[in-house]
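Asker: Just need the structure, nothing else, for what follows:
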Amino acid sequence: MMKIIATGKGGVGKTTIVSTLSRLLAKGGKKVLVFDTDPSMNLAMTLGIPFRDIATLTEDKAAISEELDGCHDEELDIDEIIAEHSADTVDGVKVVIMGTIPSGGSGCLCSPISLVKVIIQSLSDEPRGYDIVIVDSQAGPEILGRGLATCFDCNLVVTEAMPKAMEVTRQVLRLSNDLQISRSLLVLNKLENEADLDMVRRELKLDRKDIVTIRSDDAVRKADRNCTSILDDAPSSLVVKDIESLINVMMSG
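Answerer: Next up is the predicted model:
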């Protein structure tokens, strides 16, 4: 089972990339499980799932925590937890939503993220037929500080050619090394021209072969305005073609 996390600054396009590549992988015959750990919960909407119809891990964290406290990890009914907190897209992608902060002053998201970590570790120890698990992370490097992606196979570090995004990228790349993630793949999104690529190469000190590019495309903004998926709205768009290329690089190891 391949484990992938998508990280980067907010607004760089992680959710669009994760939603599209997960659906393309499922269409290609892979059994895909996606965790939305972003408190903004945009992934489900992008995948066409009404997230208000799904019980989130955050909503039920008290009951799940009691179960965690009462038994060893290997005794947890992971299948039941996933079944009760997920929905399937039309392509067969199963989506688990971590959830958001329920109310002001109710605390941080450390506990729900720990639940996601336990579930993924259990799936690693006892595979249940999933080919690929993908985590769409919250913005910024904090998710890596919590160790969720320890020993993952791939970190898709999504960035754009903007100074603030590249500063977050530097932090993410450093933390990724600390967690022994097998491979960090820099994804330069919203590419306008070769000058963007040169800037990212220079600022992040990377070779061209270490960077996968996704071109800027008005079709993404149109799909966002229409609350539809780029894969449904413009399946032949530049972005979809570039994400297909990203999958080839990602799966080639």
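Asker: Helices of the chain, residue ranges please.
Answerer: According to DSSP state H, the chain carries its helices in the segments 14-27, 42-46, 61-70, 78-84, 110-125, 142-145, 163-178, 194-204, 218-225, 230-233, 238-252.
Asker: just those helices: most buried one?
Answerer: Here the criterion is mean neighbour count by mean count of other C-beta atoms under 10 Å, and of those the winner is helix 14-27, at a mean of 24. Where you see a C-beta, it was placed from the backbone N, CA and C, and this is true even at glycine.
Asker: Residues touching that helix, excluding its own?
Answerer: Helix 14-27 is contacted by residues 6-8, 32, 34, 38, 42-43, 46-47, 89, 91-93, 131-132, 134, 136-137, 156, 158, 187, 189, 214, 220, 229-231, 239-240, 243-244, 246-247, 250 when judged by C-beta atoms under 8 Å, 6 or more residues apart in numbering.
Asker: next one: that helix to chain centre, how far?
Answerer: When distances are taken as C-alpha atoms, centre = their mean, to the nearest Å, helix 14-27 is centred 9 Å away from the chain's centroid.
Asker: What of stretch 48-59?
Answerer: Centre to centre, stretch against its chain (C-alpha atoms, centre = their mean), the figure for stretch 48-59 is 17 Å.
Asker: Quick check: buried residues in that stretch?
Answerer: Of the residues in stretch 48-59, those scored as buried under the neighbour-count criterion (16 or more other C-beta atoms under 10 Å) are 48-49, 51, 54, 56-59.
Asker: Keep only those of those that are in strands.
Answerer: When DSSP state E defines the strands, the subset of these inside them is empty.
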